[in-house]
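1. Structure for this input, please:
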Amino acid sequence: ATTVKNVPGDRVLDARKRQGVHGWISEKESEAALKVSKLIERITSLRVVNTVNEDLQIAGYTPGSYYTVHTDTYSFGEKERTRVATFMLYLSDVEKGGDTAFVQAGVKVKPEKGSAVFWFNQLASGRLEDLTWHGACPVI
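-> Here you go, the predicted model:
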C-alpha cells in the first residue's frame, strides 16, 4: 500500500491558481516512490534518493481543473525556495486538454501515460530560468 499525504482540506492551497487534488509521497514510506526516485536519478544523472529534496508530489486533474502559469519557486515558511530542477511524469493519458504549457517558450506538452518532462528551473549563475514558467491547461 502507498500512502499519499493530502494537503489540508484535500484541495489545493489557493483555488484561484489551481484546481485539482494533490499531495506528497515519501520514498522513505513507499517502495513505489523510491523506485520513481531511482528512475529520476537514472534519467537525469541528478542525485535525488536520500537527499534533502522534498517528497514526490502527486497531482490529479479532473475535467475542468487546471493550474495557472507559475514557476517552481515557492515560499516555505519565511524562506523562498527554488527547485533546482523539475521532473514531471505523466501517470495517465488525457483525451482532451490537460497539456503542460510553457508560455514563454511557446511549447505545450500533451500528457501521455509513461512520458515525462524534465527541466532546470535556474541557470548555472543561480538566476531563475524565465522559460520554465508553466501551467496545466484545463482538462476537458
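2. From now on I want contacts and neighbour counts done on CA atoms only, so please keep to that.
-> OK.
3. got the end-to-end distance for stretch 38-53?
-> Using CA to CA, to the nearest Å, the end-to-end distance of stretch 38-53 comes out at 13 Å.
4. Equivalent analysis for stretch 127-140, please.
-> 35 Å.
5. Show me which residues of it are buried.
-> 128, 131, 132, 133, 134, 135, 136, 137, 138, 139 (16 or more other CA atoms under 10 Å).
6. need the helix or strand of the chain with the lowest average pLDDT.
-> One helix or strand of the chain scores below all others by mean pLDDT, DSSP states H and E: strand 5-6, with a mean of 38.
7. backbone phi and psi for residue 130, please?
-> phi -60, psi -30 (degrees, to the nearest 10).
8. Report the contact partners of it.
-> residue 104 (CA atoms under 8 Å, 6 or more residues apart in numbering).
9. Can you classify the residue most central in space within the chain as helix, strand or coil?
-> The centroid of the chain falls nearest to residue 88 when counting by CA atoms, centre = their mean (5.2 Å). Under DSSP: H, G, I helix; E, B strand; the rest coil, residue 88 falls in the strand class.
10. beta partners of it?
-> residue 117 (DSSP bridges).
11. Test my guess that it contacts residue 120.
-> No: the criterion here is CA atoms under 8 Å, and residue 88 misses it with residue 120 at 11.7 Å.
12. what's the strand or helix carrying residue 34 packed up against?
-> Residue 34 belongs to helix 31-44 when assigned by DSSP states H and E. If you count contacts as 3 or more CA pairs under 8 Å, 6 or more residues apart in numbering; DSSP states H and E, helix 31-44 packs onto no helix or strand.
13. immediately after it, which helix or strand?
-> Next helix or strand after helix 31-44 toward the C-terminus (DSSP H and E): strand 56-60.
14. buried stuff in the following helix or strand past that following strand?
-> The first helix or strand that comes after strand 56-60 along the chain, using DSSP H and E, is strand 66-70. Neighbour counts over strand 66-70 (16+ other CA under 10 Å) mark 66, 67, 68, 69 as buried.
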